[in-house]
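Engineer: everything below, folded, please.
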Amino acid sequence: MRPIRGPGDRDGKRLSRGTALLLWALLLFCPVAGLDSADAAGRKEPAGGSSAYPWHRGIVSTVFWIGTDWAPQSPSGNLRSSWDAHWVRHYGGEDSPVARAGLLPGTHAATLNPFYVALPFNDLAHPGLARKWIPWDGSEAADGRSRCEGHWVEIEGASGKRVYAQWMDAGPFVSDDAAYVFGAHRPRASAGIDVSPAVKEYLGLGGRDRVNWRFVERRDVPPGPWITYLEEAILYQAIKEKDGGAGRAEGSSSEPSRRKKGQRTGSR
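Structural biologist: Next up is the predicted model:
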């Protein structure tokens, strides 16, 4: 098994011996942390939580990931999100769909939840629409921060298998489709939700599969790898900050180098 690097390793700094042992103990003795995509496909589905939000059914999904630097549909790439200017650095590196360790990135320890999605609305860019449409407006985040970022969604694949993920970016294609995201309209664009590699692998999705999705409150999210990895990400982030990772100069970002157009395509 290839060892997983700690957050400090990518900057040429190694974690202290005690910190490294703590991380390895968590990874070795937490059975879900080592879950690969084959294990995920065979697991019994968790009991679905209830939700007052309606389903969006038959929505075309596409795959995107943190660190995509260029795609025909998204020339600016995903080095940053609509709400995080340093998304790659905060995640710990690129979330490549090729270099995987099961459901996790295979090149670094993720410091954010790898179960994430993009939906085509940005509340900070369209505050008028946000006030009109967001059902939880003003109830979850302080003024000046996105009230969409981090909200949970439930996604159902064609087989009926369900996964839970967090809303972390705006897309695909547009960022003002509030009538679809929060209402009963169909998406204006050809696709209505972007999913991360972890979501793709867990549901066994391809390139443009149809899925059903709806919002859920945090209290309604059942146990699953989306929770386990989120808890580990909090631990990794705390250790990184303790070891001085948060104080690095902006120029030491772990964002991937730019690649030539067409070398690899994304979906946003």
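
Engineer: got the contact list for residue 211?
Structural biologist: 59, 61, 155, 156, 157, 158, 193, 195, 203, 205 (Cβ atoms under 8 Å, 6 or more residues apart in numbering). Using the backbone N, CA and C atoms, a C-beta is placed for each residue, glycine as well.

Engineer: buried subset of the residues you listed?
Structural biologist: 59, 61, 155, 156, 157, 193, 195, 203, 205 (16 or more other Cβ atoms under 10 Å).

Engineer: make TSV out of these and add pLDDT and distance to residue 215.
Structural biologist: Formatted as TSV, the buried ones among the contacts of residue 211 follow (pLDDT from 0 to 100; distance: Cβ to Cβ, whole Å):
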residue	pLDDT	distance to residue 215
59	98	13
61	97	16
155	98	11
156	98	13
157	98	18
193	98	12
195	97	15
203	98	18
205	96	20
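
Engineer: and those residues as CSV, adding distance to residue 187 and secondary structure?
Structural biologist: Converted to CSV, those look like this (distance: Cβ to Cβ, whole Å; DSSP: H, G, I helix; E, B strand; the rest coil):
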residue, distance to residue 187, secondary structure
59, 7, strand
61, 11, strand
155, 15, strand
156, 17, strand
157, 18, coil
193, 8, strand
195, 14, strand
203, 19, helix
205, 17, coil
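
Engineer: ok, which stretches of this structure are helices?
Structural biologist: For the chain, the helices defined by DSSP state H occupy 17-29, 37-42, 87-91, 127-133, 178-181, 197-203, 225-242.

Engineer: what is the third one packed up against?
Structural biologist: What that stands for is helix 87-91. Using 3 or more Cβ pairs under 8 Å, 6 or more residues apart in numbering; DSSP states H and E as the contact test, no helix or strand touches helix 87-91.

Engineer: rounded mean pLDDT for that helix, please.
Structural biologist: Helix 87-91 carries an average pLDDT of 91.

Engineer: worst average pLDDT in the helices of the chain?
Structural biologist: helix 37-42 (a mean of 37).

Engineer: among the contacts of residue 211, which one lies nearest to residue 216?
Structural biologist: residue 155 (10.1 Å; Cβ to Cβ).

Engineer: grab the nearest non-local neighbour of the closest one.
Structural biologist: Spatial nearest neighbour of residue 155, excluding adjacent residues (Cβ to Cβ, 6 or more residues apart in numbering): residue 213 at 4.6 Å.
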